[in-house]
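Enquirer: sequence? don't have it. structure:
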């Protein structure tokens, strides 16, 4: 007599907890482990992950990588504005009436941060007259900065004392006047600022090399140099240094070093 398991295919698989999947072949007759569930290869083919499916998946993956690399290469070849009609510096142009590709700055153009609203500070003049005094209080920091800039830009001609015997003068350059002559001691502060800004005689201008603030700092230091050569005894802290008590001479037979 045949059992119920023998008369109903797949019943043994259902009872053992394995639900029949669509497309899976029914369990073969005979019972046992091999009779209750499909083989491993059969399961793979039924679930769609057999060798053929994996091969197709790998092919699709490489195809995707190739497309991504191709898109990256095409995007890297974009030139945008790299290749365009343009002029190199100072080349002639047939487009503009003057034949020049370099266009002049529009009249009245001012660079950011370069708006010189304080005429006295930026020119050293009020109208046509030189500014009489520095436009800011002079402190030790201003003098130190002025000395530093003076030693860099002015000493080659004017030397460190302002006497006009700098190293380039000793090699044949035209000697400038000494800062200690009466005429230059009596000029207004704005005169020195104007000369540094615009040049004077053989002296070139330094408006590019030296900022307006540093030009005024140099003026302050020039005044300090002039004072150092014409200072009165009352200008020296502690009185006349030539009349200060000299240190006592060491006693005879004292300790020798």
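Expert: That came in fine, so what should we check first? Computed from a prediction, not measured in an experiment: that's the story for all the values here.

Enquirer: For this structure, give me the ranges with low pLDDT.
Expert: For the chain, the stretches with pLDDT under 70 are 1-57, 73-81, 238-257.

Enquirer: switch the cut-off to 90
Expert: Residue ranges of the chain with pLDDT under 90: 1-91, 93-96, 103-118, 201-202, 228-257.

Enquirer: Now do residue 60: how many residues are near it, please.
Expert: Using other Cβ atoms under 10 Å, residue 60 has 10 other residues around it. Every residue, glycine included, has its C-beta placed from N, CA and C.

Enquirer: how would you label it: helix, strand or coil?
Expert: helix (DSSP: H, G, I helix; E, B strand; the rest coil).

Enquirer: Kindly report the same for the one 10 residues further on.
Expert: Assigned by three-state DSSP, the conformation of residue 70 is helix.

Enquirer: measure it to residue 61 for me?
Expert: Residue 70 sits 15 Å away from residue 61, going by Cβ to Cβ, to the nearest Å.

Enquirer: same question, residue 117
Expert: Distance, residue 117 to residue 61, using Cβ to Cβ: 68 Å.

Enquirer: what do you get for residue 108?
Expert: The gap separating residue 108 from residue 61 is 64 Å, by Cβ to Cβ.

Enquirer: of these two, who's got more company?
Expert: A count of neighbours by other Cβ under 10 Å puts residue 61 above the other of residue 108 and residue 61, at 10 against 5.

Enquirer: Hmm, residue 223 and residue 150 touching each other?
Expert: No. Applying Cβ atoms under 8 Å as the test, residue 150 and residue 223 come out as separate, 11.3 Å apart.

Enquirer: With neighbour numbers in mind, choose between the two.
Expert: It is residue 150, of residue 150 and residue 223, that has more neighbours when counted by other Cβ under 10 Å, with 23 against 18.

Enquirer: Would you agree the more buried one falls within a helix?
Expert: Yes. Applying three-state DSSP, one finds residue 150 inside a helix.

Enquirer: Quick check: residue 193 is in a helix.
Expert: Yes. The assignment for residue 193 by three-state DSSP puts it in a helix.
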